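In: Have a look; sequence and predicted model below, questions after that.
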Amino acid sequence: MQNFIKKTRNRCKLCSFVLTVSTLSFTIFACSQSIPSQSQKSSIKTSHKDDKVLQIWWDKGFGLEEDEAITLVVRNWEKKSGYKAKLSVYGPNELLEKAERAVRSGNTPDILLNNRAERQLNARLAWDGKLADVSDVIYPIKDLYPEPILKTAHLYNHVQKQRSYYAVPISQTTMLFF
C-alpha cells in the first residue's frame, strides 16, 4: 500500500507539473498569435477552448484513489494558477471513442489521457498535424525519462514535415507472464 501511495503521489506531482507547463505554453502560444484575417476567421471552428476553461478528458483509474488523486491535482492547479479546469473521467473504451468523435468534429479537449490512445490514436493525430507540439514541456524534464519512453512521444508530423514531441509520458505499465 505504501508503494501504491508513493507511486500515486509521484504521478500526481508529474501531472500537476504537466498541467501547469502545458497551460502556460498554451497561454503563451495563444497570446503570441496574430489576429486572424477575415478569411481565416471563417475557417476557424469555434469550440469550448474560447471559454477559457481547460478541458481535460481522463481515463478512469483502476481504483477510486486514482480518480481522487487526479481530481485533487486539478483542483490544486486551479487554486495555484487562477485558471479553471473541467475534468471529465471516462472508461478507457468510452474515452477512445469519444476522442475519435471529437477529432472528427474539431471539438477536442485541451488535454487527453487515454492509455489506449498511445497505440491507436497518438501517431495518427501527430501525423495529421492535430496535436500540439509539447517539446517545451518535455525538454526541461527530459532527463527524468528513460530514452525508450521518450521515443513513444517523439512522433512525426507530416504537415510540418518533422519529428517532435506530441505527447507527455506520465506512466509506464508492466506486462505479466504466467
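Out: That came through, no problem.

In: Starting from Lys52, give me the distance back to Asn157.
Out: Asn157 sits 27 Å away from Lys52, going by C-beta to C-beta, to the nearest Å. For every residue, glycine as well, the C-beta is placed using N, CA and C.

In: Looking at the two, which has the bigger crowd around it?
Out: Asn157 (18 against 10; other C-beta atoms under 10 Å).

In: Would you agree the more buried one is in contact with Arg163?
Out: Yes: using C-beta atoms under 8 Å, Asn157 is in contact with Arg163, at 7.4 Å.

In: Break down this protein into its strands, ranges please.
Out: Residue ranges of the strands in the chain, as given by DSSP state E, are 53-59, 84-90, 111-113, 154-157, 162-165.

In: Direction included, what does the shortest one pair against?
Out: Taking DSSP bridges as the criterion, strand 111-113 forms sheet pairs with strand 53-59 (parallel).

In: Just the buried residues of the partner strand, please?
Out: 54-59 (16 or more other C-beta atoms under 10 Å).

In: Could I have the CA atoms of it written out in PDB?
Out: What follows is strand 53-59, C-alpha atoms only, in PDB (Å, rounded to 0.1, in the frame of the first residue of the first chain):
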ATOM      1  CA  VAL A  53     -11.700  26.700 -19.100                       C
ATOM      2  CA  LEU A  54      -9.100  24.000 -19.600                       C
ATOM      3  CA  GLN A  55     -10.900  20.900 -20.800                       C
ATOM      4  CA  ILE A  56      -9.300  17.600 -19.500                       C
ATOM      5  CA  TRP A  57     -10.500  14.200 -20.500                       C
ATOM      6  CA  TRP A  58      -9.000  11.400 -18.400                       C
ATOM      7  CA  ASP A  59      -9.100   7.600 -18.200                       C
END
